[in-house]
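**Student:** Fold the following for me, if possible:
(one chain, ligands or ions: 2)
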Amino acid sequence: MENFIAYNPTAIHFGKDVINEISKIIKLYGNKVFLIYGKGSVVKHGYYNLIVEKLIKAGIEITEYSGIKPNPVETDVREAVEVGINNNVEIVLALGGGSVIDSAKAIAVCIPENLDVWDVVKSKVVPQKALPIFTILTLAATGTEMNPYAVIQNHKTNEKIGFGYDLMYPKHSFLDPKFTYTVPENYTAFGIVDIIAHAFENYFGYGESPLAERFVASIVKESIHYAPLVLKEPDNYDYRANIMLQSTYALNGTTVIGKAGGDWGVHNIGHILSLLYDTPHGASLSVAYPAWLKLMSNKIPEKIKKLSELIFNTDDIDTFINNLEFFFRSINAPINLIEAGIGYDKKNEIINLMKKNKVSGYNYSFDDYEKLVGLMYGS
Ligand code: NZQ
Ligand code: ZN
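**Tutor:** Ligands and ions are numbered 1, 2, ... in the order given. As a prediction, this is how the structure comes out:
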């Protein structure tokens with residue numbers, strides 16, 4: 001067991017109509033809200049009107065920044081910071097999924113000292129202040145609603161980087177499972193892959209913590225259980241509520257308690273696909289995980305066997321990987337680059353960017369990109 005600090009200041013308001021409380025709580029922090037959202041799903045499905053009506057009724061002033069794209073980019077964050085400063089906003093409210101919430105976190109730490117987002121992402125500048133962050137989650141996947149991390153892309157430097165500061169913990173996050181009823185089938189599935197991947201990344205982190213490993217196994221088994229159910233009945237409250245809970249607890253510190261952090265090697269592989277081809281985050285991981293497990297199977301066999309036993313009651317690594325691939329395929333998540341729409345002609349481009357960005361894991365290093373990408377093509 002490694003030394004650790006258990007700290008998570010985010011208040012999670014979970015359940016039906018929890019957003020009814022939002023105006024009262026926001027007013028404890030200020031009266032000028034900076035509402036951040038994506039390309040329009042929240043407007044199309046009525047969440048935007050629901051929220052804006054409540055804020056206006058409570059006399060809260062709203063400045064908006066919309067158009068955050070999936071796999072969010074630093075240029076949007078920079079532009080939003082300028083809008084926020086010019087309008088003297090006091091609170092940042094994210095309405096959306098991980099891309100919107102991550103952008104909102106970056107915006108909240110850049111506004112007070114007018115910092116440049118990429119200096120913050122690269123830790124060239126450490127933010128000393130942040131505006132209070134509120135989130136209303138509309139997609140269960142990343143766990144960003146209850147953690148201090150964000151992931152931002154830069155197409156000029158060709159990097160997609162995860163970073164984190166305690167200042168980026170949301171003060172309050174509102175999780176109403178009904179807000180995820182409208183998530184399309186593909187992103188529901190990709191979100192479930194992301195949940196499983198977060199649990200795995202923390203399992204493969206440094207240190208031994210039997211309790212954390214059982215949290216990992218429970219979250220993975222629950223996700224595998226609820227996946228076919230929620231895909232069949234997307235507006236089933238209990239199914240959506242359980243998936244939402246799993247997504248939050250896969251990356252809010254629970255699955256890494258007693259360890260020295262996660263490995264994150266597979267996420268670093270997935271980020272290359274999102275950078276180059278805008279591959280949805282979860283889809284990049286359902287391609288990367290089977291390949292990474294095959295690459296690592298003779299380096300860390302005991303570690304993989306133990307996970308296999310925890311999840312599928314077998315210590316046979318091939319069975320473990322086949323079961324995983326079978327599950328990913330059953331929810332229409334791609335298990336190789338071809339299924340992700342990335343042709344063989346892209347092989348060298350992927351290898352070269354992995355080399356440039358020194359893709360590896362924090363706990364288990366690798367650099368045989370030729371072999372890894374070959375496995376990602378399913379060879
Ligand atoms: O663009 P909008 O209109 O918002 O539509 C989104 C987007 O097209 C749509 N959507 C979201 N909620 C919906 C909905 N459509 C209908 N009904 C709803 N209720 O879904 C699409 C995907 O949204 P996005 O926010 O991109 O998905 P997700 O939540 O999976 O976030 C992915 C991003 O999170 C980062 C990833 O790298 C990626 O950039 N991650 C953040 C982490 C963190 N901060 O801890 C950890 C993760 O590992 C991950 O890296
Ligand atoms: Zn992820």
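**Student:** alpha carbons only for contacts and neighbour counts from here, please
**Tutor:** OK.
**Student:** residues from the stretch 151-300 of the chain in reach of ligand 1?
**Tutor:** 151, 179-180, 182-184, 187, 191, 281 (CA under 6 Å from any ligand atom).
**Student:** 5 Å - rerun?
**Tutor:** Proximity of the stretch 151-300 of the chain to ligand 1, by CA under 5 Å from any ligand atom, involves residues 180, 182-183.
**Student:** check contacts around the closest residue to residue 338 other than its chain neighbours.
**Tutor:** Leaving out its chain neighbours, the residue that sits closest to residue 338 by CA to CA, 6 or more residues apart in numbering is residue 377, at 6.4 Å. For residue 377, the contact set (CA atoms under 8 Å, 6 or more residues apart in numbering) comprises 336-338, 344.
**Student:** From the residues you listed, list just the buried residues.
**Tutor:** 336-337 (16 or more other CA atoms under 10 Å).
**Student:** Tell me the one of the contacts of residue 377 nearest residue 100?
**Tutor:** Minimum distance to residue 100 across those is 26.4 Å, recorded for residue 337 (CA to CA).
**Student:** Might one say that that closest one is in contact with residue 379?
**Tutor:** No: under the criterion of CA atoms under 8 Å, residue 337 makes no contact with residue 379, lying 10.7 Å away.
**Student:** continuing past the helix or strand hosting residue 188, what's the next helix or strand?
**Tutor:** Per DSSP states H and E, residue 188 falls inside helix 185-203. Per DSSP H and E, helix 185-203 leads on to helix 210-232 as the next helix or strand towards the C-terminus.
**Student:** residues of that next one that come out buried?
**Tutor:** 212-221, 223-224, 226-228, 230-231.
**Student:** Who are the packing partners of the host helix or strand of residue 290?
**Tutor:** Here residue 290 sits within helix 281-296, counting by DSSP H and E. Helices and strands touching helix 281-296, by 3 or more CA pairs under 8 Å, 6 or more residues apart in numbering; DSSP states H and E, are helix 185-203, helix 265-277, helix 317-330, helix 369-376.
**Student:** Do you know the pLDDT at the closest residue to residue 125 other than its chain neighbours?
**Tutor:** Excluding the flanking residues, the one nearest residue 125 by CA to CA, 6+ apart is residue 119, at 5.5 Å. In the predicted model, residue 119 carries a pLDDT score of 98.
**Student:** Specify the local secondary structure of residue 119.
**Tutor:** helix (DSSP: H, G, I helix; E, B strand; the rest coil).
**Student:** quick one: which helix or strand includes residue 152?
**Tutor:** strand 149-154.
**Student:** how much space between the spatially closest residue to residue 342 that is not a sequence neighbour and ligand 1?
**Tutor:** Nearest residue to residue 342 in three dimensions, chain neighbours excluded: residue 277, at 7.9 Å (CA to CA, 6+ apart). Using CA to the nearest ligand atom, to the nearest Å, residue 277 is found at 13 Å from ligand 1.
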